[in-house]
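Q: here's my sequence, what's the structure:
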Amino acid sequence: MIDDNIPALTRPEDMPPVRTQTDLWRHWRTLMGPLGFSERLLWLCFLSADGRIAPVLPQINDVPDQPDRPLVDSLIQICSRICGDFGVESVAVLLSRPGRAGVTPGEISWAQQLDAAATAAGVSLWPMHVANDRELVTVTPDDLAPLSAASG
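A: I've put the predicted structure just below:
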């Protein structure tokens, strides 16, 4: 999805609630502002049951191209604790990186491993998003299917 009409960034409590995939895409697009990144980061967004965004936006630096299973498991365990301790309903993840358009096989692997770990831990996880220097896209279940079929 490409949209040059970027909404103005406001305080988290003033952001519209996230109830749909389109809402989440718009939220990420607002937070990212003009696209262009100098490093690979993983962003975490915590949502309440009514779609309100938590006022914190943790970032993880030095994210490898391919997911590391212990890192993914630790990340999801932390998300599970936050969900339990703070009444968070779901978690959204965005991977930002420098470079051109297109979702890489490594990013699909990130999405697949995060999804598997979240399912195993009972964490409600939105489909992962990827932002690069040209676009912000959703990694959909259809994107994950070929990888799942090849590994299954």
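
Q: can you pull out the strands in this structure?
A: Ranges of strands within the chain are 41-47, 59-60, 90-96, 129-131, 136-138, based on DSSP state E.

Q: export the ones you listed to a markdown table and tack on mean pLDDT and distance to R11?
A: Bear in mind the C-beta positions are built from the backbone N, C-alpha and C, glycine included. What follows is the strands of the chain, written out as a markdown table (pLDDT from 0 to 100; distance: least, C-beta to C-beta, whole Å):
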| stretch | mean pLDDT | distance to R11 |
| --- | --- | --- |
| strand 41-47 | 96 | 15 |
| strand 59-60 | 93 | 18 |
| strand 90-96 | 97 | 18 |
| strand 129-131 | 97 | 22 |
| strand 136-138 | 95 | 21 |
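
Q: nearest to V123 among those strands would be which one?
A: strand 90-96 (6.0 Å; C-beta to C-beta).

Q: just to revisit the earlier point, could I get the strands of the chain as a markdown table with mean neighbour count and distance to S74?
A: Below are those laid out as a markdown table (neighbours: other C-beta atoms under 10 Å; distance: least, C-beta to C-beta, whole Å):
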| stretch | mean neighbour count | distance to S74 |
| --- | --- | --- |
| strand 41-47 | 20 | 12 |
| strand 59-60 | 13 | 10 |
| strand 90-96 | 23 | 14 |
| strand 129-131 | 24 | 21 |
| strand 136-138 | 20 | 24 |
